[in-house]
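Colleague: Below are the sequence and a predicted model; questions follow.
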Amino acid sequence: MAEADNRPTNFIRQIIDNDLETGVHKTVQTRFPPEPNGFLHIGHAKSICLNFGIAEDYQGTCNLRFDDTNPEKESIDYVNAIKSDVQWLGYQWSGDVRYSSGYFQQLHDYAVELIEKGLAYVDFSTQEEMREMRGTLTQPGTNSPYRDTAPEENKEHFRKMAAGEYEEGHCCLRAKIDMTSPFMVMRDPVIYRIRFAHHHQTGDKWCIYPMYDFTHCISDAIEGISHSLCTLEFQDNRRLYDWVIENISIETTPRQYEFSRLNLEYTVLSKRKLIQLVTENHVSGWDDPRMPTIAGLKRRGYTPASIREFCQRIGVTKMDNLIEMSMLEACIRDDLNVNAPRAMAVLDPIRLVIENYQGDGEMLSAANHPNDETQGTRELPFDKEIFIERDDFRESANKKYKRLVLDKEVRLRNAYVVKAVRVDKDEDGNITTVYCTYDPDTLGKDPADGRKVKGVIHWVSAMRNQPAEIRLYDRLFKVPNPNGVELDEALNEDSLVVKQGVVESSMVSAEVGKAVQFERTGYFCKDVESSDEKLVFNRTVALRDTWAKIES
């Protein structure tokens with residue numbers, strides 16, 4: 001089936017097109033096969049979008065299968081988190097969730113088949129001995145003294161392994177391939193090991209567990225996967241993938257295809273390093289908004305649409321490269337600029353007193369979005385005393401400063417033109433209050449006398465507002481490529497700055513996780529830790545790419 005013109009194309013889709021046209025496959029069956037030993041990250045999102053996206057575009061199906069062969073590092077909590085992340089991104093797997101552990105009996109039987117064919121043997125060598133016999137990249141390996149054990153004897157040893165009659169580490173089952181192969185993965189790899197560990201799906205039924213490389217290809221074949229897509233680090237492993245399939249009596253023969261993994265600036269995607277960030281308390285958890293996990297991005301305010309768009313923009317190739325963080329941030333800015341309603345918040349308040357303002361205050365009206373009338377309007381409480389940003393006032397400034405200056409005018413966003421006349425200061429010389437006058441004829445328009453006011457600043461009523469903790473999240477690392485650098489040295493000490501500010505009263509009813517643009521400040525969302533007593537907002541992204549300016 002040829003691709004539609006509006007679909008993205010890449011070398012994988014070209015392979016699929018050819019397979020369908022030549023009759024190699026009649027339908028497309030993909031799978032997303034995470035190991036449940038941690039949370040998914042933005043790199044997994046690329047794989048999710050690829051596998052599920054291909055299945056959708058070719059009217060095929062995509063399985064969600066957990067490659068759960070290492071019970072000591074896996075948990076049901078990770079399983080549930082992964083399922084939630086896939087659905088949050090907007091995808092639904094075909095049929096029931098699948099587990100490699102559901103194929104343990106079949107995997108065991110295929111291992112016995114290899115033993116009977118003289119293609120697998122039980123090795124009693126120690127790990128150190130096996131490491132020495134394995135050789136190096138420039139030197140071939142040497143055969144294990146157990147390599148030529150008779151099949152019947154190997155079957156009995158394997159039976160004892162499965163029955164729990166051998167201790168952990170006492171022996172393992174290895175494929176009998178080629179110890180002189182230039183590919184290390186083909187030098188009699190271990191395919192089964194003993195582990196007395198409770199499994200989150202099978203309980204204590206098994207005490208032997210298959211290795212990933214043995215499990216993955218067979219699971220693909222059992223499920224009838226047509227195109228098994230994985231990242232480039234598994235390129236050499238494809239030889240073992242094909243060897244296993246070719247040497248067992250299974251009907252389907254899936255093919256593995258590799259693409260480049262996602263490498264993203266100013267972060268790490270190694271699961272080992274992500275775990276280190278969590279366990280060493282560099283972050284508050286897997287869903288810390290600075291983490292590149294899908295849970296972290298969601299909590300920070302990223303949308304499924306922005307992540308899918310990012311994955312489409314970076315494309316699918318075989319070339320490793322480091323993707324600029326600005327590309328991901330551009331995707332969320334583009335999304336939220338169109339969809340996020342507007343509000344006002346003051347992060348570092350200074351009091352502004354309007355001396356000639358009369359009355360008990362009023363309610364002004366403001367559009368929730370400047371370009372989308374369907375989002376309606378909101379009421380803004382306006383009072384004699386308001387808060388403005390401390391950075392929005394100077395006693396004196398040059399002509400480039402377009403905010404409030406003594407004896408100069410500025411427009412209050414959605415309100416009036418004001419003119420600063422004097423200030424109060426504390427004992428240390430810090431400004432505590434700015435006094436001004438306002439022109440009542442300037443609501444929502446330029447002054448009638450024709451004078452032009454260039455500056456516009458945001459504000460919040462000092463009498464009717466909601467205090468809020470504003471968390472300004474930034475890039476977790478201060479160097480573009482923190483891989484290979486000690487975490488402590490590369491971490492950005494300003495990746496989280498907390499401000500005690502004020503927001504419009506309407507923000508009390510804001511939905512957790514739903515984006516809002518705090519005008520002139522950035523895009524934010526209400527955090528899960530918010531309560532009626534204490535609002536908490538996370539910054540998703542600033543309005544502009546400030547890092548680009550810093551780097552230039």
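Modeller: Sure thing, it's come through.

Colleague: and C311, which of the three is it?
Modeller: At C311 the chain is in helix, as set by DSSP: H, G, I helix; E, B strand; the rest coil.

Colleague: Now it. Nearest residue, chain neighbours left out?
Modeller: In space, not counting the residues next to it along the chain, C311 is nearest to C49; the distance is 4.1 Å by CB to CB, 6 or more residues apart in numbering. The C-beta positions use only the backbone N, C-alpha and C, and glycine is treated the same way.

Colleague: Tell me how many other residues surround the one you found.
Modeller: By the measure other CB atoms under 10 Å, the count of residues near C49 is 22.

Colleague: Now it: which helix or strand?
Modeller: Remark: C49 resides in helix 42-57, with elements defined by DSSP states H and E.

Colleague: Remind me what that helix packs against, helices and strands.
Modeller: Contact partners of helix 42-57 among helices and strands, from 3 or more CB pairs under 8 Å, 6 or more residues apart in numbering; DSSP states H and E: helix 11-22, strand 29-32, strand 61-66, helix 76-88, strand 227-231, helix 294-300, helix 304-314.

Colleague: Mind doing that once more with 6 Å?
Modeller: In terms of contact count using 3 or more CB pairs under 6 Å, 6 or more residues apart in numbering; DSSP states H and E, helix 42-57 is assigned the packing partners strand 29-32, strand 61-66, helix 304-314.

Colleague: Mind listing residues that contact that helix?
Modeller: Judged by CB atoms under 6 Å, 6 or more residues apart in numbering, the contacts made with helix 42-57 from elsewhere in the structure are 7, 30, 32, 61-62, 89, 91, 229, 261-262, 269, 292, 307-308, 311.

Colleague: follow-up on the earlier one: against A330, how distant is the residue nearest to C311?
Modeller: For C49, the distance to A330 under the criterion CB to CB, to the nearest Å works out to 17 Å.

Colleague: which ones are touching the residue nearest to M463 when sequence neighbours are not counted?
Modeller: On the basis of CB to CB, 6+ apart, the spatially nearest residue to M463 that is not a chain neighbour turns out to be D383, at 4.3 Å. Contacts for D383 were tallied using CB under 6 Å, 6+ apart; they are G361, S461, M463.

Colleague: Enumerate the beta-bridge partners assigned to the second one.
Modeller: If I follow you right, that is S461. Beta-bridge pairing for S461 (DSSP bridges): I386.

Colleague: how about it, what does it touch?
Modeller: When contacts are counted by CB under 6 Å, 6+ apart, S461 touches P381, D383, I386.

Colleague: possible to save those as JSON lines with pLDDT and distance to D17?
Modeller: Listed next are the contacts of S461 as JSON lines, based on pLDDT from 0 to 100; distance: CB to CB, whole Å:
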{"residue": "P381", "pLDDT": "97", "distance to D17": "60"}
{"residue": "D383", "pLDDT": "97", "distance to D17": "65"}
{"residue": "I386", "pLDDT": "98", "distance to D17": "62"}
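
Colleague: what would those residues look like in TSV with distance to P71?
Modeller: What follows is these, written out as TSV (distance: CB to CB, whole Å):
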residue	distance to P71
P381	57
D383	62
I386	59
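
Colleague: residue boundaries of the helices in the stretch 351-500 of the chain?
Modeller: Under the criterion DSSP state H, counting those that start in this stretch, the stretch 351-500 of the chain contains helices at 487-490.

Colleague: so where's it uncertain?
Modeller: For the stretch 351-500 of the chain, no stretch is flagged by pLDDT under 70.

Colleague: number of nearby residues for E469?
Modeller: Using other CB under 10 Å, E469 is surrounded by 16 other residues.

Colleague: Not counting sequence-adjacent ones, nearest residue to it?
Modeller: Distances taken as CB to CB, 6+ apart place V536 nearest to E469, at 4.8 Å, with adjacent residues excluded.

Colleague: and the helix or strand harbouring that neighbour, which strands flank it?
Modeller: For V536, the host element (DSSP H and E) is strand 535-542. Strand 535-542 has these partner strands in its sheet, going by DSSP bridges: strand 466-473 (parallel), strand 522-526 (antiparallel).

Colleague: ok, back up a step: please identify the most buried of the helices and strands packed on helix 42-57.
Modeller: Mean neighbour counts were taken over those using mean count of other CB atoms under 10 Å, and the top value, a mean of 25, falls to strand 29-32.

Colleague: Please work out the average pLDDT along that one.
Modeller: Confidence over strand 29-32 (mean pLDDT, whole number) is 98.

Colleague: Within the sheet, what are the partner strands of it, with directions?
Modeller: Pairing partners of strand 29-32, with direction, according to DSSP bridges: strand 61-66 (parallel).

Colleague: which residues touch the closest residue to H369 other than its chain neighbours?
Modeller: Taking CB to CB, 6+ apart as the measure, H369 lies nearest to Q375, with 4.2 Å between them; neighbours along the chain are not counted. By CB under 6 Å, 6+ apart, the residues touching Q375 are P341, N368, H369.

Colleague: Test for you: state the pLDDT assigned to V190.
Modeller: Note for V190: predicted pLDDT of 98.

Colleague: For it, grab the count of nearby residues.
Modeller: Using other CB under 10 Å as the criterion, the residues surrounding V190 number 16.

Colleague: That one touches R174, doesn't it?
Modeller: Yes. A contact is recorded between V190 and R174 when judged using CB atoms under 6 Å, the distance being 5.4 Å.

Colleague: Low-confidence ranges, this protein, go.
Modeller: Scanning the chain for pLDDT under 70 picks out the ranges 1-7, 545-552.

Colleague: run the last query once more with 50
Modeller: Regions of the chain meeting the criterion pLDDT under 50 cover residues 1-4, 550, 552.

Colleague: Give the full set of residues in contact with the residue of the chain positioned farthest from its centre.
Modeller: If you look at how far each residue of the chain sits from its centre, by CA atoms, centre = their mean, the farthest one is D449, at 53.6 Å. By CB under 6 Å, 6+ apart, D449 lies in contact with nothing.
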